[in-house]
Structures are given as C-alpha cells and as structure tokens.
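> after the sequence you'll find the predicted model.
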Amino acid sequence: MRRLEDWGRLGGIGIAVLAVAGVLLFLGPRLLGAAAGPEAEVITALKEAEHDGVSLTVPGSALPLVSRKLQYARITVSVAPDGRRAEAFATLDFEGALGATTVSTAGVETVPFTRESGRWKPASSLAPRLVAVVAALEARRQALAQGRPDALSRLTGPGG
C-alpha cells in the first residue's frame, strides 16, 4: 500500500509542476513586461517575428512579400509618454521574394507599435520602410510593363 501512496504523491507533484510550467508559458511575456518594462516587451515582439515565411502585404501588389530570412539587430525602443504607443528602431537583415522577384536588404527600419489587449503589436507592418520601398519599385515595374508613362511620371521625385 505504501508504494501506491508514493506514486500518488509523485503524480500530484508532476501535475503541479506541469500546471506551473503552463502558467509561466502563457503569462511569461506579461510577467517580463511587468518586470522589465515596455521596451523589453517590444523587443520580444520583434524577436518573436524572426522566422522564415513571414508574409508582408505590399500595397499595389497582388502577391505578398515573403521572407526567407528576417532578422532584427541593434534594437532601440522609444515609448510615448502615454504608454500606449512605441517605436522600435533597428537594423533589418531581410531576404525574401515578391513572386518571382528576389528581395534582399540590410537597412534601418522604424516599426511603430501600439498596445492592444495588454500586448504590443506592430501598428502597420513588421517592416514598414521595406514594404514602402518594395511597393514603389513594384509600381514602377508595373508602369514599365504596361507602358504607362503617366504612371511613371507620378513616381518621379522633385527634379526628376
């Protein structure tokens, strides 16, 4: 009988350990935010986005920009005084494709964040500058392919 009671205790301890691990898994990011502040939460949100196959919507393109490599480094966060908005400034190393077109860059990115439902989320995109550049280049490619000089003239800057 003694052995059965020991196994019962071990099972109860195992269940308690699993419950604590589950709570930490789901509440870990919130606990980190409470302990380290919003800067750590924003950096964590960016780092969690670093995986292959991230799909970024490009205005004017039917196809998304899909990453093969997405990596942020040298991240600095500026939080607004109201604590509801923040901007992350980082270097971005990106490799991916827009349809058949290969896109690769190593540049600076500014990602605006908003706090929604207790979590920090990108306001528009994980890489708004990259998406804007790719959208402009895609608009140029479409205008050239369609032979539309009026569309090309809208894309030129001052003195172009």
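Alright, I've got the coordinates.
> contacting residues for the residue lying closest to Val133 once chain neighbours are set aside?
Among residues not flanking Val133 along the chain, Thr105 sits closest, at 7.9 Å (C-beta to C-beta, 6 or more residues apart in numbering). No exception for glycine: its C-beta is placed from N, CA and C like everyone else's. Going by C-beta atoms under 8 Å, 6 or more residues apart in numbering, Thr105 touches 92-94, 130, 133.
> quick check on the residues you listed: which are buried?
92, 94, 130 (16 or more other C-beta atoms under 10 Å).
> list just the nearest of these to Arg140.
Nearest to Arg140 among the buried ones among the contacts of Thr105, counting by C-beta to C-beta, is Leu130 at 15.8 Å.
> could you pull out the buried residues of the host helix or strand of that closest one?
Under the criterion of DSSP states H and E, Leu130 resides in helix 128-146. For helix 128-146, burial by neighbour count (16+ other C-beta under 10 Å) applies to 128, 130-131, 134-135, 137-139, 143.
> just the element for the residue nearest to Val133, please.
Taking DSSP H and E as the definition, one finds Thr105 inside strand 101-116.
> just the C-alphas of that strand, formatted as PDB.
Coordinates of the C-alpha atoms in strand 101-116 are reproduced here as PDB (Å, rounded to 0.1, in the frame of the first residue of the first chain):
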ATOM      1  CA  THR A 101      11.400  38.800 -57.700                       C
ATOM      2  CA  THR A 102      14.100  38.200 -55.100                       C
ATOM      3  CA  VAL A 103      14.300  40.900 -52.500                       C
ATOM      4  CA  SER A 104      17.300  41.400 -50.200                       C
ATOM      5  CA  THR A 105      18.300  44.200 -47.900                       C
ATOM      6  CA  ALA A 106      20.300  45.200 -44.900                       C
ATOM      7  CA  GLY A 107      18.900  48.500 -43.700                       C
ATOM      8  CA  VAL A 108      17.400  50.600 -40.900                       C
ATOM      9  CA  GLU A 109      13.800  50.000 -40.000                       C
ATOM     10  CA  THR A 110      11.400  52.000 -37.800                       C
ATOM     11  CA  VAL A 111       8.500  49.900 -36.600                       C
ATOM     12  CA  PRO A 112       5.600  51.700 -34.800                       C
ATOM     13  CA  PHE A 113       3.900  49.700 -32.100                       C
ATOM     14  CA  THR A 114       0.600  50.100 -30.300                       C
ATOM     15  CA  ARG A 115      -0.600  48.400 -27.100                       C
ATOM     16  CA  GLU A 116      -3.700  46.300 -27.700                       C
END
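> many thanks, have a good one.
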